[in-house]
Every structure is written in structure tokens, then in C-alpha cells.
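> Need coordinates for the below:
(chains A and B)
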Amino acid sequence: MKVKNEFRMTVESRSVNESFVRTTVAAFASQLDPTVEEIADIKTAVSEAVTNCIVHAYKECVGKIYIYAALNDESIIRVSIRDRGCGIEDIKKAREPLFTTLGGERAGLGFAVMESFTDKLIVRSKPGKGTTVTMIKKIGGR
Amino acid sequence: MGVKIVTSQQKMTAYLEGEIDHHTAAAIREEIDNAVMLHSPQVLKIDFGAVTFMDSSGVGLAMGRYRTLLMTGGELILSNLSDRNYKMMKLSGLEKIAILNKRENAYESKK
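Numbering: from 1, shown residues only, chains lettered A, B, ... in the order given. Now for the predicted structure:
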């Protein structure tokens, strides 16, 4: 599978960038001629990943969020969202629906939503080093 | 993004508009909570009819308002939910503690 197109960008972990990043990735994905539903899936999943960087990884500070997206010749989009923040102690626990370390206004559904709106979700993390979330989705696959 | 709150007798309706994410949810939460604390409505209806985007922050917003209503003793209704927003609300089990109503004319899917 050959990469047909790719882009990278870096943003600061400010909540105003949540809509900026999801809209940008959705605009990039539009090259694959996705349906309205597929675009909404991508936007929602990306929004969750970026929000996690802001509310968890860089909870006490502002850091950089690194976004990479690639399309291949089989209409698959791959989006990676990386931070150099606090990292996740227990990934399995973090991926459980309704689990949250924040309580109150957070539903604990971030990973569950990313999982249900994409085809594959890979989470790699090291405490103190950071986290990379990679989401893979086939467009026109259903 | 905005919220318009209409109170009549014991019923309060909060009409949400635009995009709901972690960034926009904070201001909405504050407005609704202030109104609920002031009026202690028997029913709080949150209307999602004009919501164009929502991530799990919208679910957190609903769960948080449920907690606020526990203090004032009111009932929560989430109305005009699109199919995907309904699905997200159900991921959290909100249908057990609130009334969930789907959007009737799902104009979102026709676009």
C-alpha cells in the first residue's frame, strides 16, 4: 500500500485548537470522497484524541501536539496524534469505557468513541514521555 | 456556539447551537447551571436540534447536568438528538437516568 498524500502539523495544546485540528484533518480526508457520516466519524475521533492531549497529557501546562495524516491508494486514512506529555500508566484501563481520572464533566468515553468511529485504534504510551494515538479508517468501506 | 435558555413555570429548556467540544462546553455548562440553581426547575430539557458537531464532551455535559439536577431535584430530558449523538449518549448509559429523544427530521443525514 503506497502513501498517496500526507501532511503534518503541530499545534499548541489550547482548547481552541480542538476544532481547528478536526476540521483540518476532515478537509484533508475529503480527497477520498467520504460520505457526510464518514467525515463526522473522523472529526469526532480526532476531536477526542486532541482533547485527551489537552486535558490529560498537558494538564498543567501548554505543550505541542503533533499531527500526522496519510492517505493511501486503497482509500485508507491513517491519523496519528502525538504528545510529549505525562503518558498513560495503564493503557488497558484508560481504554475502558466510562473510566476517567477527571470525573465531573468528562464522560470517560474518549477512547471508546475513537474506537467505535474508526476501524482500528493503536495507543502507545510511556509515562513521563508521552502518548501516540493512531487511528485507521477505510473510506467507502462499509 | 451558544445556548439559549427558556424558562416557563417549572420547565426549563436549554437550546444548544453549533459545535459542542471540550472548548465550548465550559461556557454552556456555566450558563445552564446558573439558570438551574436560580430556578430549580422540575424538568430540564436540553435540546440538541441545532447542534452541528458533538464529541464526548457533549455526553460529559449531559452527565454533569444530571448531577446538578440531583441537588435541585429535577428531571433531565435530552431531546432532538441525531442518530450518532443518541448512540454516544447511550455509550455512557445515560438512558438509565435521563429521557433520550431522537431528532424527528434528521436533517443532518440529508446534507
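
> Helices of chain B, start to end?
B:22-39, B:56-72, B:83-91, B:107-110 (DSSP state H).

> Now A:Thr132. Nearest residue, chain neighbours left out?
Residue nearest to A:Thr132 in three dimensions, not counting chain neighbours: A:Arg82, with 4.3 Å by CB to CB, 6 or more residues apart in numbering or on different chains. To be clear about C-beta, it is placed using only N, CA and C from the backbone, and glycine gets the same treatment.

> Within the sheet, what are the partner strands of the host helix or strand of that neighbour, with directions?
Per DSSP states H and E: A:Arg82 is located in strand A:76-83. Note on strand A:76-83: by DSSP bridges, its sheet partners are strand A:64-72 (antiparallel), strand A:130-138 (antiparallel).

> ok, B:Leu69 touching B:Leu44?
Yes. At 5.9 Å, B:Leu69 and B:Leu44 qualify as touching, with contact defined as CB atoms under 8 Å.

> Looking at those two, which is more packed in?
A count of neighbours by other CB atoms under 10 Å in any protein chain shown puts B:Leu44 above the other of B:Leu69 and B:Leu44, at 27 against 21.

> Mind listing the residues bridging to the more buried one?
Counting by DSSP bridges, B:Leu44 is bridged to B:Met12, B:Leu76.

> same check, this time on B:Phe53
B:Glu19.

> And the helices in chain A?
Applying DSSP H to chain A gives helices spanning A:17-29, A:36-52, A:91-95, A:110-117.

> Can you get me a residue count around A:Gly103?
11.

> Count the residues that sit near residue 27.
Unless you meant another one, I'm taking chain A. A:Ala27 has 10 neighbouring residues, counting by other CB under 10 Å.

> Not quite, go with chain B.
12.

> Check it and give its pLDDT.
On pLDDT, B:Ala27 comes in at 95.

> now swap in the one 3 residues further on and tell me
The model reports B:Glu30 with a pLDDT of 96.
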